[in-house]
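Undergrad: Give me a model of this one.
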Amino acid sequence: MKDVNLTLVQGENIFRTGPAAIIHERKPVIFSGTMAAVVEFFKERSKNFSEEEKIRTHIKYTKTDNTLTLVINENHPLQDVITGLVKMNPTFKDFGINTEKYYTPLEFAKFIRLRRFMFADLAEYQTLYSKLMTNKTAINKTQDNAKDERGNLMNHLDKTVETNIPKTFKLNCEIIKGAGKNTVIVEIGLDAADAGMRLSLFSNELVELEEKIIDETFATTLKEFDGYPVLEY
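TA: The predicted structure follows:
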């Protein structure tokens, strides 16, 4: 080591030897979560915004992909980008409502047994579960054959299904993740064939309800960024 001249001052003096401490460069924050996560990040982060960060922060959103993005330090390579996604609650989505998903009565009974907490009424759940487990379905067929004087043969088949399975049930649960609980009526469709019966789920009101929840989620979220540029694209 070369000679080093030290000038001691009053108080504590620290002299370090060896390699210099590693300098860690700042890294940008890149994160994706719910809309609520974006709002919480913004509330905490904005408490310590510098004047530069205040004027270089904006929000952009699109309802095409149902996303909202908070950008801090725009035009800087180390800008923070926090994205909120509006998406269906996975537990609700698993029901397969308004899709091509089919169940046998026994399969659906097993499915809802682990999701009874999502039903609006426990008594309604218990009735549905019991009916599915003791499924009593009768398929009645009536066929008429008619032949006219020109040799034309016409076949007419009527099929009626009698079942103890309820037509509808109500769910009260989180439909859009992070948006709170909503009640929706779900109808049970039957597909009866000689090989057995399958059921599917559909809900005419779900499409409108989902759109309504998404609009409300965007409106509520955007209010939190009052005073900052908001861009729709």
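Undergrad: Where in the chain is the helix or strand with the lowest mean pLDDT?
TA: Lowest on mean pLDDT, DSSP states H and E among the helices and strands of the chain sits strand 137-147, with a mean of 62.
Undergrad: Quick one, grab the pLDDT at residue 162.
TA: pLDDT, residue 162: 72.
Undergrad: give me the element it is part of.
TA: Counting by DSSP states H and E, the element that carries residue 162 is strand 153-163.
Undergrad: Please pull up the helix or strand immediately following that strand.
TA: Proceeding C-terminally, strand 153-163 gives way to strand 168-174 as the next helix or strand, assigned by DSSP H and E.
Undergrad: what about that following strand, distance to the chain center?
TA: Here the centre of strand 168-174 is set off from its chain's centre by 16 Å, with Cα atoms, centre = their mean, to the nearest Å.
Undergrad: Touching it from outside, list them.
TA: Contacts made with strand 168-174 from outside it, assessed by Cβ atoms under 8 Å, 6 or more residues apart in numbering, are listed as 89, 91-92, 95, 117-121, 124-125, 128, 180-188. For glycine as for every other residue, the C-beta is placed from the backbone atoms N, C-alpha and C.
Undergrad: same thing but at 10 Å, please
TA: Residues from elsewhere that reach strand 168-174, judged by Cβ atoms under 10 Å, 6 or more residues apart in numbering: 88-89, 91-92, 95, 97, 112, 115, 117-121, 124-125, 127-128, 180-188, 201, 203, 206, 213.
Undergrad: Tell me the pLDDT of residue 19.
TA: If you check residue 19, the pLDDT there is 77.
Undergrad: Against residue 25, how distant is it?
TA: 18 Å (Cβ to Cβ, to the nearest Å).
Undergrad: Now do the contacts for the residue nearest the centre of the chain.
TA: If you average the C-alpha coordinates of the chain and look for the closest C-alpha using Cα atoms, centre = their mean, you land on residue 88, 2.1 Å from that point. Taking Cβ under 10 Å, 6+ apart, we find residue 88 in contact with 66, 94, 97, 174-177, 179, 210, 213-214.
Undergrad: before we move on, what about residue 176?
TA: Residue 176 sits next to 34-35, 66, 86-89, 92, 182, 209-210, 212-214, 216-217 when contact means Cβ under 10 Å, 6+ apart.
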